[in-house]
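In: Below: sequence and its predicted model.
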Amino acid sequence: MDLQRTLYHYYERRLGRALPADRVPRHVGVILDGHRRFARVSGVGEYRASYEIGMSKLEDLLGWCAELRIPAVTAWVLSTENLRRPASELDPYLEVLEELFGRLPSLAQRVGFSLSVSGSLDLLPERLSAVAKEAVDRVAESGEAPMSVNIALCYGGRQEIVDAARSLVGELLEAGVAPERLGERIDAEGLARNLYAADLPEVDLVIRTSGESRLSGFLLWQAAYAEFAFVDPYWPDFRKIDLLRALRDYARRERRFGA
């Protein structure tokens with residue numbers, strides 16, 4: 001076991017050293033998939049234990065990304081579709097998310113990141129919504145930070161675009177644009193300006209765990225020209241070496257941006 005650990009750390013350092021600083025993505029999106037399957041195959045027992053491991057792993061991820069000087073990270077922790085799961089599965093997860101948001105302000109101070117939360121928070125239990133907003137406010141008190149962290153909470157990509165369109169229409173009406181002229185004033189720039197976390201750069205790399213090869217609606221607008229890494233480990237099993245491999249493969253790709 002000691003030899004295996006030594007070899008692992010050697011390979012991890014080697015990957016890290018080989019990563020070109022000028023090829024690090026500006027914004028990494030991560031789909032945290034596989035908690036329940038991990039619980040079933042790993043023997044950890046109830047789903048709550050798997051959720052706790054997964055949220056601890058998210059904290060590790062933010063630390064790794066800070067070390068690698070990745071400017072922005074969006075982590076999808078809960079989709080709107082997840083709310084349809086049985087209470088026996090959903091309720092423990094919501095409790096674990098509350099605990100996560102309680103820890104994020106102190107982690108932000110240690111690691112150095114700003115915090116935002118994107119999604120339909122009005123659909124969440126009041127307690128979770130309040131804890132998430134409080135975490136954002138507490139982190140903001142620390143001022144500017146070198147990394148931006150966006151937590152996609154009760155998030156749906158289609159709903160984000162719908163909300164951006166509604167917001168843009170309201171903005172145009174408030175500016176005095178006549179209703180019959182709205183169509184000609186709705187453009188890509190205006191929609192992008194009204195997305196949930198409009199200040200973040202477009203996503204360069206999307207990582208999804210658990211071997212699934214689909215976006216499931218994650219950052220549909222922002223990831224239009226992103227590269228993708230679909231990795232096999234369930235999220236609670238995700239390692240720094242898995243992140244480094246995804247970044248290595250990203251650095252090797254020739255990005256065309258649709259050209």
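Out: Everything's here; your move.
In: would Arg255 count as being in a strand?
Out: No: applying DSSP: H, G, I helix; E, B strand; the rest coil, one finds Arg255 to be coil, outside a strand.
In: Which residue, other than its chain neighbours, is closest to it?
Out: Leaving out its chain neighbours, the residue that sits closest to Arg255 by CB to CB, 6 or more residues apart in numbering is Glu227, at 6.8 Å. For glycine as for every other residue, the C-beta is placed from the backbone atoms N, C-alpha and C.
In: same question, Leu153
Out: Nearest non-adjacent residue to Leu153 (CB to CB, 6+ apart): Gly119, at 4.5 Å.
In: Over stretch 28-44, what's the mean pLDDT, rounded is fine.
Out: Regarding stretch 28-44, the rounded mean pLDDT is 92.
In: Kindly apply the preceding question to stretch 153-172 instead.
Out: 97.
In: What are the contacting residues of that stretch?
Out: 76-83, 97, 117-121, 123-124, 132, 182, 185-186, 190-196, 215, 217-221 (CB atoms under 8 Å, 6 or more residues apart in numbering).
In: Select from the residues you listed every entry located in helices.
Out: Assigned to helices by DSSP state H, the following of the contacts of stretch 153-172 qualify: Leu97, Ala132, Leu182, Arg185, Gly190, Leu191, Ala192, Arg193.
In: can you put those in a markdown table and add neighbour count and pLDDT?
Out: A markdown table is the format used below for the ones in helices among the contacts of stretch 153-172 (neighbours: other CB atoms under 10 Å; pLDDT from 0 to 100):
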| residue | neighbour count | pLDDT |
| --- | --- | --- |
| Leu97 | 22 | 98 |
| Ala132 | 23 | 98 |
| Leu182 | 13 | 94 |
| Arg185 | 14 | 94 |
| Gly190 | 16 | 97 |
| Leu191 | 17 | 97 |
| Ala192 | 14 | 97 |
| Arg193 | 14 | 96 |
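In: residues in contact with the spatially most central residue of the chain?
Out: Centroid-nearest residue in the chain, with CA atoms, centre = their mean: Ala75, separated by 1.5 Å. Contact analysis of Ala75 by CB under 8 Å, 6+ apart lists Gly29, Val30, Leu32, Leu58, Leu61, Leu62, Val149, Asn150, Ile151, Ala152.
In: Drop anything exposed from those.
Out: Buried subset of the contacts of Ala75 (neighbour count, 16 or more other CB atoms under 10 Å): Gly29, Val30, Leu32, Leu58, Leu61, Leu62, Val149, Asn150, Ile151, Ala152.
In: Return the backbone torsion pair for the third one.
Out: Here the main-chain torsion angles of Leu32 (degrees, to the nearest 10) amount to phi -90, psi 90.
In: Equivalent analysis for the fifth one, please.
Out: Dihedral angles of Leu61 (phi, psi; degrees, to the nearest 10) stand at phi -60, psi -40.
In: Look at the residue nearest to Leu153 and say how many residues are nearby.
Out: 25 (other CB atoms under 10 Å).
In: Same question for Leu124.
Out: 19.
In: Pull the number of nearby residues for the spatially closest residue to it that is not a sequence neighbour.
Out: Distances taken as CB to CB, 6+ apart place Cys154 nearest to Leu124, at 5.3 Å, with adjacent residues excluded. Other residues within reach of Cys154, judged by other CB under 10 Å, total 25.
In: For Cys154, give its distance to Val30.
Out: Going from Cys154 to Val30 by CB to CB, to the nearest Å gives 17 Å.
In: picking up where we left off before, residue contacts, the residue nearest to Arg255?
Out: Glu227 touches Pro25, Asp204, Leu205, Val206, Tyr250, Arg253, Arg255, counting by CB under 8 Å, 6+ apart.
In: quick one: which of the residues you listed is nearest Pro233?
Out: The closest of these to Pro233 turns out to be Val206 (CB to CB; 15.8 Å).
In: Without its sequence neighbours, what residue ends up closest to the closest one?
Out: Gly29 (4.5 Å).
In: Please list all residues in contact with the one you found.
Out: 73-76, 203, 205-207, 218-219, 222-223, 226.
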